[in-house]
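**Student:** got a sequence here, can you model it:
(chains A, B and C)
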Amino acid sequence: MEAVLNVDYFAHILVFFFIYSLVVFGLSYSTHAAGILSLGHGAFYGIGAYTAALLTIHFNVGFFTATVLAGLAALLASSFIGFCSLRLKEDYLAIATLAFLEVTRQLLYNWSSVTNGAYGLAGIPPAQLFGFEARQPVSFLPISIILSLFGIVIITRISRTPLGFSILASTDDPIALQTFGKRPTVLKLGVLSISAFLAGVAGSQYAFYVNYVHPNDFGLSTSIMFLAIAMIATARRPIAGCFVGLLLFFVTSELLRLLNFPAEVKGNLIQILTALTIFLVVLFRERHAKK
Amino acid sequence: MMKSLVFLFACFLMFLGSCQPRGTNSEVVIGSAISLTGQEGAGVYGENIRNSMELAISEINAKGGTHGKLIRVVYEDTQLQPQVAVSAVNKLINVDKVKVIVGAVSSGETLAVAPICERNKVVLISPASTSHEISNSGDYIFRTIAPDTLEGNAMAKFALQSGYKTAAAVFVDNAGTKGPAEVFKQAFETAGGKMVAMEVGPQGSTDFRTQLAKVKAASPDAVYLLGYALELGNMLKQSKELGIQKPLLSFQVMEEPKVVEIAGNAANSVIFTSPTIRASEAQGRTKQFIDAYRQRYKKDPGIFSYNAYDAVYVIAKAIERYGEDAESIKKGLYEIQNYDGASGQISFDRNGDTAQPPKLLTYQNGQIVVFQPQFAQR
Amino acid sequence: MRGQFDLLIQICINGLAAGAMYSLVAVGYSLVYGVLRFINFAHAASIAIGAYAFLTLTTYLGIPIVLAFLLASSLAGLFGWTLEKVAYHPLRRSSSLTPLLSGIAIAILIENVLALAFGPAPYRLSRSSESDAIQLLGRYSILRVHLYMLASAGIAAMLLLIMLRYTSLGRRIRATAENLELAQVRGIDTDNTISLVFVIGSFLAGVAGILIAYETQVTPQIGFLPSIKGFIAALVGGLGNVGGTVIAGLLLGFFENVLVWQLPTVYKDSIAFVVLIGFLLFKPGGLFPNKWKRF
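**Tutor:** Numbers count the residues shown, from 1 in each chain, chains lettered A, B, ... in the order given. Just a heads-up that it's a prediction; the model follows:
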């Protein structure tokens, strides 16, 4: 019984829960509201993580500054996808995001003079806040919760404003929107930028918490995992749906771990479940779509 | 709605946690975070390590265990990915409450989990990670495998003594395979040699033809090939296919039978360094281990098997001497000097490293034999 | 200087070899896209199934190679049929995003199921001459299986073109591709036609899987990189244009390898993705944009 009441273990899971939540909020909003399906959100997460890591290792930048800059770096990177989205239809755009993901990963791997390539960046100092060092899961948890709330606030604020409805309209009915003088493309780009920013912030947290980043952590399987979670949310409930998705994901992976499934099988099982989730959600939504 | 969901979630996890079998007081529980699965054959390493650990444990337990208690291992799969390794280690530390962990496999993973073990004061002992960066990663971090600097340097020394003026390296972009190449280059060039090509291939790749073609065109006196089993096997095979006639040099991954399986004839005459001796030249402890392993698993031990076997034994020794908590294990390990292990003599230096001097070996007719270099008279 | 010249020739040969594989995979992609206008990411699964089926048939069941080849590819084709019915047919009416996601999900699913069933370790197909290298002009090397790939890609493309132009099935396919509703009005069983297209495409993928397995090993991820590169080749050639796709595959293989003659070799895999982005942004129709009149 003391197993999970172990605060550290529980706190560790929760920290990741809230870090992922930021990525997923943005991804969910971007997918459902702006119609941009990103298969490569792991890249923004990774760019955020590496930016924060490099800033703090080389320039001793503090946690909050590094996090903000990490978010901005990811936002900048997203402008490329934004540019693509102006010219590409949704499925081609998805492929472009995939290409972007892979190119980013290769860059992180090969630009070893900066990123240390295959060795990864070790020894990232832990976050220093108000004189405390957030080394333990329990001390980091408040940070990730606060930042997650911050993400929630941003997105709900936006989506409940007239601006937010314009964003929804930019996917549903861009022509009507234009007659109102709003520009759907600009709105979409805005949404994408925000979602990338949030992913970058999440990445920075990851770097400060785990104290080690490696290019392989930000590849396709990570992106697909984020996508599967984000897909459980819907356009009407971009945030609450994410929590459901996150819960499902974390409960399942820890279930598999705690139930002592043979270790070789766990990784494959999780991937199978992720894939099934995506497949079933897609199928289910299709059946119930209003056409 | 949200609150009740979170509450339910918490209850659920607690319930699950209570189903977990607890270590009893008559057991010592060791953790292991290794790649039992992973891309392109990483599962082989985990399997080798696990087999050896189980063998060691059954032997030790048959003699009454250590410190009066039997040993049990909890295995976690890291899939050769640092992020997964971090989760695995967290679980081992916080749920299974282990005080010592055998792992990880790749240097990237070990570098990622070392700070966690340090922070939590849990001993980490890696049977496989060779990156020199691990030497300084903590007081609680040990390894039963020599850092890559030794192999790289030994090979460079051999190359220089053999009179090679130029050399080329083809290696995989991975901490464990890049390390020896860079060390080799440094040592070789410091002594006046010239590296005419340093070609890199992505991890998990099976096609090195372009890299090898470039190496061939650069006409080195010898070629240093570094990769894990799948990659190395293909490198050798493709070197032969492309008609590279120069001597091929490699490192301890050559011990892994899969390499020969893939490379076939191309493995013959490859000269490589390895801290362990196999087959006909094996003596003493090493031979004992090989025989026991063969008997139990009906096949030869593979790469990292020897090191994992030794890791369990040195842990048991430390526990026997001082006790099962982490401080005791740490203290006991640092005191281990000249321990006769399956992988060679083990003595931990103040970095927790051990330095089995690599020997030169080669393949003849599919068997590993000691290589007797004949250096030209000068 | 001779060394550099030899290197360049060998690199060109490597390029051809790689291109042969891309073409073979790309042909299947192109066909499906031509008819249905979406990207079948589950192609990777067909490749893997072909390879594993062949492995099982030859190594475990001792079936002679040629027969196993046909059986394994047919199994892949059957998978394609099932795939269409289960994963794509129900999504026919929605945006082209959903089949994409569905395809990716299936690809991941199959890869992991195969890993669970066979284990993650690579398998070698029993040693045979296909994996051996042939010496060209005494100093260059290419694998026998690469020549098979070239031949297969060429033959497949030719057969497809003939089929499309001269057979009734081909006409039905072209009609369905041009205008689904109109084809239905004319009494063509479009569902059946679409299924057949998938069968053919997946059969070809199965063939590719077997040959790739000879070139390297059988692993659960065997389909991953080839299918992405194959897709890139199909896009560059003009999705739906079978002939153009074969050429594009060869060009891609060439381009990748020749570029790393001077660039550090590490960037080889990135090149294909940069090409992809380039074409997506500036020439999404590919090099030979599909004109339906000349399928």
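
**Student:** give me the below-cutoff pLDDT ranges for the stretch 1-150 of chain B.
**Tutor:** B:1-25, B:39-41 (pLDDT under 70).

**Student:** now for the residue of the stretch 151-295 of chain C found nearest chain B, how many residues are close by?
**Tutor:** Going by CB to the nearest CB, chain B is nearest to residue C:216 of the stretch 151-295 of chain C, at 4.1 Å. In short, each C-beta sits where N, CA and C put it, glycine included. A count of nearby residues for residue C:216, using other CB atoms under 10 Å in any protein chain shown, gives 21.

**Student:** OK, contacts around it?
**Tutor:** B:206-207, B:234, C:122, C:222 (CB atoms under 8 Å, 6 or more residues apart in numbering or on different chains).

**Student:** now with 10 Å?
**Tutor:** B:205-207, B:230, B:234, B:262, C:51, C:122, C:124-125, C:131, C:143, C:145, C:222 (CB atoms under 10 Å, 6 or more residues apart in numbering or on different chains).

**Student:** widest-spaced pair of those residues?
**Tutor:** B:205 and C:125 (18.8 Å; CB to CB).

**Student:** read off the pLDDT value for the nearest residue to residue C:215 once chain neighbours are set aside.
**Tutor:** In this structure, residue C:215 finds its nearest non-sequential neighbour in residue C:145, 5.1 Å apart by CB to CB, 6 or more residues apart in numbering or on different chains. Per-residue confidence at residue C:145 stands at 84 (pLDDT).

**Student:** thought residue C:145 was touching residue C:24?
**Tutor:** No. Here residue C:145 does not reach residue C:24: they are 11.2 Å apart, not a contact under CB atoms under 10 Å.

**Student:** where do the helices of the stretch 1-150 of chain A begin and end?
**Tutor:** A:2-5, A:7-32, A:41-59, A:63-87, A:90-110, A:112-115, A:137-160 (DSSP state H, counting those that start in this stretch).

**Student:** so which of those is nearest chain C?
**Tutor:** helix A:90-110 (4.2 Å).

**Student:** now do the closest one: distance to the chain's middle.
**Tutor:** A distance of 15 Å separates the centroid of the chain from that of helix A:90-110, by CA atoms, centre = their mean, to the nearest Å.

**Student:** and if you look at stretch A:237-257?
**Tutor:** With CA atoms, centre = their mean, you get 14 Å for stretch A:237-257.

**Student:** can you tell me how far residue C:149 is from chain A?
**Tutor:** 24 Å (CB to the nearest CB, to the nearest Å).

**Student:** residue B:199 now?
**Tutor:** For residue B:199 relative to chain A (CB to the nearest CB), the value is 13 Å.

**Student:** just the pLDDT for that residue.
**Tutor:** 92.

**Student:** helix/strand/coil for it?
**Tutor:** strand (DSSP: H, G, I helix; E, B strand; the rest coil).

**Student:** now do the SS call for residue B:351.
**Tutor:** Per three-state DSSP, the secondary structure class of residue B:351 is coil.

**Student:** now it. Nearest residue, chain neighbours left out?
**Tutor:** Leaving aside its sequence neighbours, residue B:351 sits nearest to residue B:135 (CB to CB, 6+ apart; 4.3 Å).

**Student:** repeat for residue C:115
**Tutor:** Residue C:115 sits nearest to residue C:220 (CB to CB, 6+ apart), 4.1 Å away.

**Student:** show me what whichever strand or helix holds residue B:287 is packed against.
**Tutor:** Assigned by DSSP states H and E, residue B:287 belongs to helix B:284-297. Contact here means 3 or more CB pairs under 10 Å, 6 or more residues apart in numbering or on different chains; DSSP states H and E; on that basis helix B:284-297 packs against helix B:43-62, helix B:305-322, strand B:339-341, strand B:344-346.

**Student:** most neighbours per residue, which of the ones you listed?
**Tutor:** helix B:305-322 (a mean of 26; mean count of other CB atoms under 10 Å in any protein chain shown).

**Student:** how about it as CSV, C-alpha atoms only?
**Tutor:** Output in CSV follows, covering the C-alpha atoms of helix B:305-322 (Å, rounded to 0.1, in the frame of the first residue of the first chain):
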residue,chain,number,x,y,z
SER,B,305,27.3,-10.7,-20.4
TYR,B,306,30.6,-10.9,-18.6
ASN,B,307,30.3,-7.4,-17.2
ALA,B,308,26.8,-8.0,-16.0
TYR,B,309,27.8,-11.2,-14.3
ASP,B,310,30.6,-9.4,-12.5
ALA,B,311,28.4,-6.5,-11.6
VAL,B,312,26.1,-8.8,-9.6
TYR,B,313,29.0,-10.5,-7.9
VAL,B,314,30.7,-7.2,-6.8
ILE,B,315,27.4,-6.0,-5.5
ALA,B,316,27.0,-9.2,-3.5
LYS,B,317,30.5,-8.8,-2.2
ALA,B,318,29.9,-5.3,-1.1
ILE,B,319,26.7,-6.2,0.6
GLU,B,320,28.3,-9.1,2.3
ARG,B,321,31.0,-6.9,3.7
TYR,B,322,29.0,-3.9,4.7
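
**Student:** the inter-axis angle of that helix versus helix B:284-297?
**Tutor:** 110 degrees (axes from the mean of the first three to the mean of the last three CA atoms, to 10 degrees).

**Student:** where exactly do the strands run in the stretch 1-150 of chain C?
**Tutor:** Using DSSP state E, counting those that start in this stretch, the strands of the stretch 1-150 of chain C run over residues C:133-136, C:140-143.

**Student:** relative to residue B:217, which of the ones you listed is closest?
**Tutor:** That would be strand C:140-143 among the strands of the stretch 1-150 of chain C, by CB to CB, at 12.0 Å.
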